[in-house]
Each structure stands twice: as C-alpha cells, then as structure tokens.
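Colleague: take this sequence and fold it.
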Amino acid sequence: MSEAAVDTIERGVFQRTPNIQAIILNKNRLSVIRSDYFKGLDHLYSVNLGGNRIDTSEPLAFANLPQMNHLDISFNQLQTLPDNTFTNSFLPAPNERRIMYVCGNPWLCDSALEWFRAYLRKNVDIDIDKPGCTTACIDNINGCPSAGTPLRTVDHCPANDIPLPLTGNALSLVGWIILAIIMTILLITICLMALVRYGISHRRKKMKDQEALENEQRIMSITGSGVPSVTTPSYLPPPTVDLDLPPAHSLDETPTNYLY
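Modeller: Numbers count the residues shown, from 1 in each chain. Next up is the predicted model:
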C-alpha cells in the first residue's frame, strides 16, 4: 500500500494474515508506530515505513519479531526511540544481511538515544544509510555532539542533558540579543508615542477649523437676516427765493441834495 494516503491502521489488521512476510507502507501519512501493529507476526522479515510523518514510536514497536532483518523508517520525523524497540528482533544469522534504514530523521543525540547509538556501534554489520542519505544527529541542547555527527560516532559528550551555563562569547551574544530586543521595544514605543501625538494634534487642528467655519457661517447668517440696510441721503442745493425789490441804483445816479 505504497503512496495510498494511509494515516491510520486498524487494530489487528495484519494479524488476520499471520504468515505475512513483508509490509510496505512507504510514502503515506502515518504519524505513530503503535506497539500492536506487528505483534505476533513471527514470519515477518521486512517492513517499509519510509517517507511518512512518523514522529513517535511506542515501546516494543518492533520487538519479538524473530525473522525481522529489514526495516526502513527513513525520512520521517523521529528524534528518539524507546530502549526496548528491537528486543528479540534483528537477531544475527549466518549469510543474512541486516538493514535498518534510519537516515533522514532529526535524531536528538541525548542520553535517551545513547542506547540506540551504542547498539549500532556494536552491530556494525547493520546498514543504516542509503545512497545520498546519512544518519546523523541534529544540534544537541549543549551543542555536543554537534549537528551532522554520524549516529554511530563516539563523541565523548558529558552524560547529561542539563544546559551548560553561558560563558564567554555565548554570554556576550546573549547580552547583545537582549540589548537589541530592548532597543527595538524602545523604538516601537517612541514611534507609537509620535503617532499618538500626531493624531491628537491633527484632531485639535480639525476641531479649530470646524469652529472657525461655524463662526463664519453664523456671522453670515446674522448679516443676511437681522440688520436693516442704511441708505445714504442725497444732498440737494436749497431752492432759489424770488424777492420783489426795487431796482438798484448806484451812488452816481442818486441826486445829491446839499444843505447849506
């Protein structure tokens, strides 16, 4: 059932065929290997679960399978395995090649996985790599072993998973990171304050403009309806008066009477 979008397996489905020898479920959507999948299948010698989404393997998942000598769990999301995963399985046999493809997984090489690494170092005949695919550790919590270290390599790392205290360059790096975070927060705060201040100023200006407009409209309304118009009177010259007076005489025309 390769590439069949299988995401779960019904309990006991393989046990209905107790003499089954090979199970191929590569390139599906499985996420867990349950301990009941292959239980009691004494004739099973090959299982292919490569290219799924498996990130969990239950205890005894491949245990008590006396004929098992071929397993492919490559290209999944496994980081660790319980220490009883292969109990009474993968037993050495004359002229039998043992294959356990486990490359392409993000193995976390801590103390919980040390049993598996020691098992592979002890059983060097088991093939664990494919062409172009090497079984290696991802970066460990304390940086030991370093990312890319082959799973079988002896690394002489301390037998503890407690993060080591930061010293030297690491501590300096952390200090710079903290400073960068503080500066970023400060810059964001300043920007927010500037935006708030601009918003308040813009709102006040808008309110003042609105007030001025309302005052202008109010004045124009009062001028147009409540104040009487003033007419400037025109000034005319006074009328001429015709007086009936005797004709005027000059002094020369008036007879002179001298009294002696």
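Colleague: for Val154, grab the count of nearby residues.
Modeller: When counting by other CB atoms under 10 Å, one arrives at 10 neighbours for Val154. C-betas here are computed from N, CA, C, even on glycine.
Colleague: give me the secondary structure label for the residue nearest to it when sequence neighbours are not counted.
Modeller: Take Val154 and drop its neighbours on the chain: the residue closest to it by CB to CB, 6 or more residues apart in numbering is Arg121, 7.1 Å away. Secondary structure assignment for Arg121 (DSSP: H, G, I helix; E, B strand; the rest coil): helix.
Colleague: neighbours of Arg121, how many?
Modeller: With other CB under 10 Å as criterion, Arg121 counts 12.
Colleague: thought it was touching Asp155?
Modeller: No - in this structure, Arg121 is not within contact of Asp155 by CB atoms under 8 Å, at 11.1 Å.
Colleague: name the SS class of the most centrally placed residue in the chain, please.
Modeller: The chain has Ile181 as the residue nearest its centroid, 16.9 Å off, counting by CA atoms, centre = their mean. In three-state terms, and counting by three-state DSSP, Ile181 is helix.
Colleague: if I look at it, how far off is Asn64?
Modeller: To Asn64, Ile181 is 53 Å away according to CB to CB, to the nearest Å.
Colleague: how near is Asp42 to Asn88?
Modeller: Asp42 is 11 Å from Asn88, where distance means CB to CB.
Colleague: same check, this time on Leu78
Modeller: Taking CB to CB as the measure, Leu78 falls 21 Å from Asn88.
Colleague: so for these two, which sits in the more crowded spot?
Modeller: Leu78 (21 against 13).
Colleague: quickly list what's touching both of Asp42 and Asn88.
Modeller: Taking CB atoms under 8 Å, 6 or more residues apart in numbering as the contact rule, the neighbours common to Asp42 and Asn88 are Leu65, Pro66.
Colleague: in a strand, that's where Leu71 is, yeah?
Modeller: Yes - Leu71 forms part of a strand when assessed by three-state DSSP.
Colleague: Val47 looks like it's in a strand, true?
Modeller: Yes - judged by three-state DSSP, Val47 forms part of a strand.
Colleague: that one against Ala61, yeah?
Modeller: No - using CB under 8 Å, Val47 is not in contact with Ala61; the gap is 9.9 Å.
Colleague: which neighbours do these two share?
Modeller: Common contacts of Val47 and Ala61 (CB under 8 Å, 6+ apart): Phe38.
Colleague: against Ile200, how distant is Lys206?
Modeller: Noted for Lys206: a distance of 11 Å to Ile200, by CB to CB.
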